[in-house]
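In: Fold the following, please.
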Amino acid sequence: DVHRDTHYSQTAQDHPHPQPQQQQQQQRIVSNGLINITLDEVTGRFTQIAAADGSWAIQFTQEIMWYKSSNGEDSDTAAADAAGSGECGSGSSGECSSSSNGRQSSGAYIFRPAADTPDAQQINPLDQPLKITVATGPVVTQITQTWSDWASLTTRLVVRSPQIYQEWSVGPIPVADRIGKEIIVRTTTDLNTSGVLFTDSNGREMLMRKRDYRPSWTLNVTEPVSGNYYPLTSAAAVSDGCIGVGVAVDRAQGAASLTDGHLEVMVHRTTVVDDQRGVGEPLNETICGTTAATGSSCTAGGLAARGRHTYVIGPVQGLARSLRSAAQQLNDPVILAFSELGYSDLKSHGAISAHEESPEVPEKSRSSETRINKGGTRSDPRAAAKGGTVSDTVVSSSSGSDSSGIIPALGIRGRWSGLQQRKPAPSAAAAAVAGSGPDLTPAAPAAAAAESVLPSNVHLMTLMLSEEISSNSSSSKKLILRLAHTLQAGEDAELAVPARVDLSKLLDLEHNTSITNITELSLTAARYKADMKRPRSWLAGDLISHDSSAPAAAAAAGGEGAAVDDAAAA
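Out: Numbering: from 1, shown residues only. Presented below is the predicted three-dimensional model:
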């Protein structure tokens, strides 16, 4: 049940130059029950985002824009002209490079806007309406905004979801004019963010970035745009202390907040000259391979890039929790998988009805014992949880199963989940009367007394067999279990606290008698934690040396040694 609204694209064609008074009179609100997005029907652009209950509202617009890449020239045009005239030589790549005046060009390793056009440029003038398509259904409302045939943005609102899902599509980037273009999605709000941007550090700690500022030295601002760009691998956010805007990404990108209330993310780049950082060619990937921007034999054009952003907007209380969740979903998306189940597996899962118990069921089906996860499964350790600390555990199992899969190694046939909710264990007296132990039947989600085996602020990063140990068939199998806290200290009043995980419930040790012991390891699972020395506290001015005599020499001089030993380094 989807209704597709083409009114906007017709409006864009009927009113190529709308008047300001028309823009103010034609507004449309799209809502999912929690968030309202206001669209300007004439320009096709967002104007506001607000809570459906009216508790907050901010101005909100988005544009796909582009920076003109520097060619390493004062005018930033001479190198591009030379590239077009063949003055850069007849090499295989045909690239131009930075000129002898030493100015840095933009390329594979360097982002640097042109000196003559440092600000981001509009693909379409603001008074030129976008082509808009709106599709509405009972669960999802989808809005597609098109800036050109190579740049579009699709926004989805899911019923009762606090997150705004977006997919951007950019490319092939046109460079026939011999101008490199670096594409951004810029979000503009009316928040007074005081020049502060937060970005993640490798998907974990969120770091505060202040515009035109460095915490450890006085910054001489020579690159006001690229000097304020920061790596973004997981999430970024801005706020005024009351309302925040956060974005989670599905790949490593760059982010900046060059003006208060702005948050921009770079999504795609194409340059026409080499940046002289070792690649020896411009950043101009085409479907036929990497070639120069001009004189290419590839007629298929450059590469198109598509990706996803998830926006979380609202009061700062609880914003970090939602943003971490969004980043986790993008980093570790739900995977739909299928496996053949044997008859006894289906029966144990309650999937066999009374009718199917009849003799008509083929004996072959009854004897089939195909197991889920027979070949094993592995959660990539690089798919890290966002923020917090990680603990690593090795689980030994003496299971005699021939299968190398994790589920059989745990002694669990068919399925396993750390998200299963269980009813609390009855008291000893109640258990004695009932003649049974704790009820491990999955409880209804609404049950007030239900307890999740895996807390909501803990991420199961790794559940894998130790390949080094399990390769020896004579030794017992060992599993590596790695857990991570999803929040850093101070991010959330309720969840940014130490978490406790009961491994006996997580691994269902009451029924899994094959697990014999559990030992805590280092994060790399290479050393026992008990054998590790406490890391040193480093202070400014400490002597750092690999010389084993350094501590004694420093002590003799009246100071504390700071030599790095293997244990501390590990």
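In: can we go C-alpha only for contacts and neighbour counts from here?
Out: Will do.
In: all helices in this structure, in order from the N-terminus.
Out: Counting by DSSP state H, the chain has helices at residues 7-14, 20-25, 78-85, 319-331, 343-348, 363-367, 406-409, 428-434, 467-470, 503-506, 550-556, 566-569.
In: how about low-confidence regions in the stretch 401-550 of the chain?
Out: Low-confidence segments of the stretch 401-550 of the chain (pLDDT under 70): 401-452, 467-476, 535-536, 538-550.
In: switch the cut-off to 80
Out: 401-452, 465-477, 508-515, 533-550 (pLDDT under 80).
In: ok, residue 61 touching residue 43?
Out: No - contact criterion Cα atoms under 8 Å: residue 61 and residue 43 do not qualify, at 11.2 Å.
In: which of the two has more neighbours?
Out: residue 43 (25 against 18; other Cα atoms under 10 Å).
In: For that one, which non-adjacent residue is closest in space?
Out: residue 129 (4.0 Å; Cα to Cα, 6 or more residues apart in numbering).
In: Near residue 224, how many other residues are there?
Out: Around residue 224 there are 16 other residues, counting by other Cα under 10 Å.
In: no wait, residue 219
Out: Around residue 219 there are 11 residues (other Cα under 10 Å).
In: how near is the nearest residue to it once chain neighbours are set aside to residue 148?
Out: Leaving aside its sequence neighbours, residue 219 sits nearest to residue 213 (Cα to Cα, 6+ apart; 5.9 Å). As defined by Cα to Cα, to the nearest Å, residue 213 lies at a distance of 36 Å from residue 148.
In: which regions of the chain sit below the pLDDT cut-off?
Out: Within the chain, the stretches with pLDDT under 80 are 1-25, 73-103, 127, 287-301, 337-452, 465-477, 508-515, 533-570.
In: doesn't residue 275 make contact with residue 180?
Out: No - with contact defined as Cα under 8 Å, residue 180 does not reach residue 275; the gap is 11.9 Å.
In: Run through the bridge partners of residue 214.
Out: The partner list for residue 214 in beta bridges (DSSP bridges) reads residue 217.
In: how close does it get to residue 199?
Out: From residue 214 to residue 199 the distance is 15 Å (Cα to Cα).
In: Comparing these two, which shows the higher neighbour count?
Out: Using other Cα under 10 Å, the more surrounded residue of residue 214 and residue 199 is residue 199, with 26 against 11.
In: what about residue 278, how many neighbours?
Out: Neighbour count for residue 278, taken as other Cα under 10 Å: 9.
In: Please apply the same query to the one 10 residues further on.
Out: Counted with other Cα under 10 Å, residues neighbouring residue 288 total 14.
In: That one and residue 107, how far apart?
Out: Counting by Cα to Cα - residue 288 and residue 107 are separated by 20 Å.
In: With residue 461 instead?
Out: Taking Cα to Cα, one finds residue 461 at 35 Å from residue 107.
In: of these two, who's got more company?
Out: A direct count of neighbours by other Cα under 10 Å for residue 461 and residue 107 places residue 107 higher, at 28 against 23.
In: what's near enough to touch that one?
Out: 271, 273, 274, 275, 282, 283 (Cα atoms under 8 Å, 6 or more residues apart in numbering).
In: wait, the third one sits on residue 281?
Out: Read it as residue 274. Yes - judged on Cα under 8 Å, residue 274 makes contact with residue 281 at a distance of 5.0 Å.
In: more neighbours, these two?
Out: Remark: of residue 274 and residue 281, residue 274 carries more neighbours, 29 against 26, as counted by other Cα under 10 Å.
In: Spatially, which residue comes closest to that one, not counting chain neighbours?
Out: Nearest residue to residue 274 in three dimensions, chain neighbours excluded: residue 282, at 4.3 Å (Cα to Cα, 6+ apart).
In: just residue 71 next, same as before
Out: Spatially, and ignoring its direct neighbours in sequence, residue 71 is nearest to residue 105 (4.6 Å; Cα to Cα, 6+ apart).
In: pretty sure that neighbour is in contact with residue 272, am I right?
Out: No - Residue 105 is not in contact with residue 272 according to Cα under 8 Å; the separation is 9.7 Å.
In: Overlap in contacts, these two.
Out: residue 71.
In: Comparing these two, which residue is more hemmed in?
Out: Each of residue 105 and residue 272 has its neighbours counted (other Cα under 10 Å); residue 272 has more, 34 against 30.
In: For that one, give its distance to residue 501.
Out: Counting by Cα to Cα, the gap from residue 272 to residue 501 is 54 Å.
In: Residue 133 now?
Out: Using Cα to Cα, residue 133 is found at 47 Å from residue 501.
In: same thing with residue 48?
Out: Counting by Cα to Cα - residue 48 and residue 501 are separated by 42 Å.
In: and what of residue 459?
Out: In terms of Cα to Cα, residue 459 sits 11 Å off from residue 501.
In: So if I had to pick from those two, which one is more boxed in?
Out: Each of residue 459 and residue 501 has its neighbours counted (other Cα under 10 Å); residue 459 has more, 19 against 13.
In: Quick check: bridge partners of the nearest residue to the more buried one once chain neighbours are set aside?
Out: Leaving out its chain neighbours, the residue that sits closest to residue 459 by Cα to Cα, 6+ apart is residue 484, at 5.1 Å. Counting by DSSP bridges, residue 484 is bridged to residue 390, residue 459.
In: before we move on, what about residue 40?
Out: residue 27.
In: So what's the residue count around it?
Out: Neighbours of residue 40 (other Cα under 10 Å): 20.
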